[in-house]
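Undergrad: Got a predicted structure plus its sequence, pasted below:
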Amino acid sequence: MLPVILRLFSWTPLLQLLLSGAAFFVLMVLITIRLLYAYGLTASLSSSAPHLTAEFIAGESKDETGLAALQQAFEQAESISAFSPFLKGTRTLKIESPAYVIGQYKFEAPVEITGIDLKRFPFAIPLEQAESLKNEALTTYTTKELAGQLMFSKRAVVVNEAMANLFAPRPGMAGEFIVWDRALEQLLAEVRIVAVLRDLLDTPRMLVGLPLARQLLGKAGVQGIHARVSDLQTLETVREALTRKVGGFARISSWRDGHHRQQKLFRVFEAIFWIITVAILVLAVVTGILGIYKVFVTKRRSLAILHLLGLSKSAFFVMLSGLNVCILAGGAGLAFAGFYLLSNSLHKQLVASFQTVLPIELPALEWTPFLFWNGGLFLTYTLLSLGFLGILLRAKLKLQ
Amino acid sequence: MRRPLIVSNLLFRNVDPLIVFGLGIGLLGGLGLAIGGTLLVEHLMTSYQSFLQKSLIGLRGTLTLEASSPAVLQQFYRVWQADSPAVPSSLTWSSDGAIALELEQGTRIWKRQVKVVVLEQEYLRQKLSAQQAGCATNQTQAFGNPLLWLTLVEFDPERPVTLQAKPFGEQKLPLHFSSCRLETGMMTDYPILFLSWSASGMDPVGTAWQLEFSAPTAAETEQLKWEIDKVWSTVPHSATEWLDPKDVFKSKEMQLAATLSEQARFVAAVVFLLTLTLSALILFFGFSLLLEFKHKVTAILRMIGISRAAVAVGFMVKGAQIGVFVAVFGCLIAVTGRWLIRQGAWIPFEHFFMPWSLAILGGTLLVIPLGIALYNAVLIYGLLWQADRKAGVIR
């Protein structure tokens, strides 16, 4: 009987195969765009920030036990490449060059001061990637030398571009500065600016070692832990795992939760992506409905004749639903094959152009989201076709 | 003209309710949704590109035109204003990097290193009303970006202030400052002071050495360059006189901005292609289904001597009618979708959406019925031709 059924439907299975293949393929392209574009955005915009932050819910703390528990959780977590306790705060500073060039290099503005442990390398914020200022020998520090300066000099600090540009004039060389609290006229510390970090922020930031941060902010404890992950694609997974472990006393946030323009950009992209995905999924389902409707409704007379000739409804149901599932599976396979051929071009378009700007790695795409979403669409199409088939077999058809 | 209408009426009368239901949902609903979805996606992606640009470069101009001399610039500007008054532009002077200046308010003096940009008040007002509506006032002559404000500790914009800087001569210029912080985007990490020509005391004629333009997206900036070339070719000039357009997206410091913008364009193009493919599939299934259901009627029509082309035209007429319906339905879906997104705050930024382009909505109402009618005619003609080839074969 199966050859008769196949002959009855002639070109239809092939059309359906192409239709379902197109729908699965569209979905896969959308998922890839989301993964790769989000990866490119995150990788390029988070290069000067910690990827993950665990902050004590109770606020700044000197409690060693709490910090030890947090550190242990980060040590055991997967994909964490570096972590460090941090202390952060904002203070309106007045900065001047020392006595011998008084009157030059003046600065006055509120500054966000972030202190991290600079004794351990790699740092939780990759400060060694900052652009070195010229030193006394009129050369710039290499990445290793800059890391060494930050690790071994107690006064070495990195400022962001916004802060460097607020100096009048902008410092062209690594040099000593005296830092005052502007309102209290109180001397806070002497620092040596060695490098400038490009973080695309329009607020002055100073990144320093933890002891110097305590001195500058007048605080004694830490607020939590900053960390970097080695694989950005695992960011949310690591975050969830850490929340499960330390969620009772610390709040885990990822780079994406911030409130700067970069994160807003990311959130807008996410929102748009979901709206587009839902719209295209609805379209794919409507197209699928039409395709399935066409297949079954146009053949209902032929099916009724076969039924009158003695073929039972259950046999029909089993054969047609089996054929349909096979077609859908074939469509999914076709989509996977097409996608495999095209994925390189998508990688190139969505990541390689970021690579010309920043040194980011090409990510290996995980198959789980593809299987999950395509599985959902497969199930939707299967249920729809079974529903149509059921209605069709129940309907009584008058044959003249 | 009457024959296609009669054929169309014959074809689409007395249709099985099951078919009307299926086609109603599938063809009309699906196509309406496809059109509405495509319109909404296109609008979202255009707004996203504009939002991206606002985040990256804020209110700064996207294209700056430099000329071989101020006189050449003036000459071009006069023709440009006559030809393309709708594109916001301004004669501009900007300092070469940060310059030392002094702002004085009562007994307090702020000595700072700031980049100064002088441009036309009206141009600034136009840009502000589009992006930072609350800031657009006629009186204000001076604006600062957030970084300038950060460094002016204890500065009060409400009180009288004077400015002194070398390019403006020795005199102290009285300024009327706006308390708004002018967004200059994430690619600008230095303080900028924006002044109007009247506040700077300078005369644009002979001083302005740049012409600044502001387009909402990188793609439109490209288009603008093309238009400038066209206008420049109509301006009489010698071989030694030149205009040099400097696209902000092509500068080295804006490489990331350019990359992000290019990516957004690529994503928009892919999404458009996907919706177009799905819409074409919906049309194909819908109309081939219609033909399938009406194959007896078409066979009778063919037997009484009506040609294949006349039947296809009959379908075309119906396609145009359906096209009008789905185009209106699609526009309604798109407008409702945008309204829902705003009401539900799914994109949590007040000024995210750009205004609807009436040309796109009007174009949809015109092009869709025509497109569907033609597609329908070609498809039906093709299917009938194929059926004729197979004539005599019993399914």
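TA: On my side now, so go ahead.
Undergrad: Every contact and neighbour count from this point should use C-alpha atoms.
TA: Fine.
Undergrad: Return the residues in contact with the residue lying closest to B:V248 once chain neighbours are set aside.
TA: The spatial neighbour of B:V248 that comes closest, neighbours along the chain excluded (CA to CA, 6 or more residues apart in numbering or on different chains), is B:T62 at 5.3 Å. B:T62 makes contact with B:212-215, B:218, B:221, B:247-249, according to CA atoms under 8 Å, 6 or more residues apart in numbering or on different chains.
Undergrad: now the residues you listed in CSV, with distance to A:R267 and secondary structure?
TA: Below are the contacts of B:T62 laid out as CSV (distance: CA to CA, whole Å; DSSP: H, G, I helix; E, B strand; the rest coil):
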residue, distance to A:R267, secondary structure
B:E212, 31, strand
B:F213, 29, strand
B:S214, 26, coil
B:A215, 24, coil
B:A218, 21, helix
B:T221, 25, helix
B:D247, 28, strand
B:V248, 25, helix
B:F249, 23, helix
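Undergrad: In chain B, which residue is most central in space?
TA: B:T46 (5.4 Å; CA atoms, centre = their mean).
Undergrad: So what does that residue have for phi and psi?
TA: The phi and psi torsions at B:T46 (degrees, to the nearest 10) take the values phi -70, psi -40.
Undergrad: which sections of chain B are below the confidence cut-off?
TA: Applying pLDDT under 70 to chain B flags residues B:1, B:18-19, B:22, B:26, B:85, B:133, B:136-138, B:252-253, B:350, B:391-395.
Undergrad: how about the helices in it?
TA: Using DSSP state H, the helices of chain B run over B:2-12, B:17-23, B:30-57, B:70-83, B:121-131, B:146-151, B:197-200, B:204-207, B:218-234, B:255-293, B:295-303, B:308-343, B:358-389.
Undergrad: Burial-wise, tell me which of the ones you listed comes out on top.
TA: Sort these by mean neighbour count, taking mean count of other CA atoms under 10 Å in any protein chain shown, and helix B:30-57 sits at the top with a mean of 24.
Undergrad: Is chain A within reach of it?
TA: Yes - contact between helix B:30-57 and chain A, assessed by CA under 8 Å from any CA of the partner chain, occurs at B:30, B:33-34, B:37, B:41, B:44-45, B:48, B:52, B:55.
Undergrad: picking up where we left off before, closest to A:I280 out of the helices of chain B?
TA: A:I280 sits nearest to helix B:255-293 of all those, at 6.7 Å, using CA to CA.
Undergrad: Measure how that closest one sits relative to helix B:358-389, angle-wise.
TA: Calculated by axes from the mean of the first three to the mean of the last three CA atoms, to 10 degrees, helix B:255-293 forms an angle of 40 degrees with helix B:358-389.
Undergrad: Does helix B:255-293 reach chain A?
TA: Yes - judged by CA under 8 Å from any CA, helix B:255-293 comes into contact with chain A at B:255-256, B:259, B:263, B:266-267, B:271, B:274-275, B:278-279, B:281-282, B:285-286, B:289, B:292-293.
Undergrad: Mind giving me the packing neighbours of that helix?
TA: On a contact count with 3 or more CA pairs under 8 Å, 6 or more residues apart in numbering or on different chains; DSSP states H and E, helix B:255-293 meets helix A:12-45, helix A:261-298, helix A:353-355, helix B:30-57, helix B:358-389.
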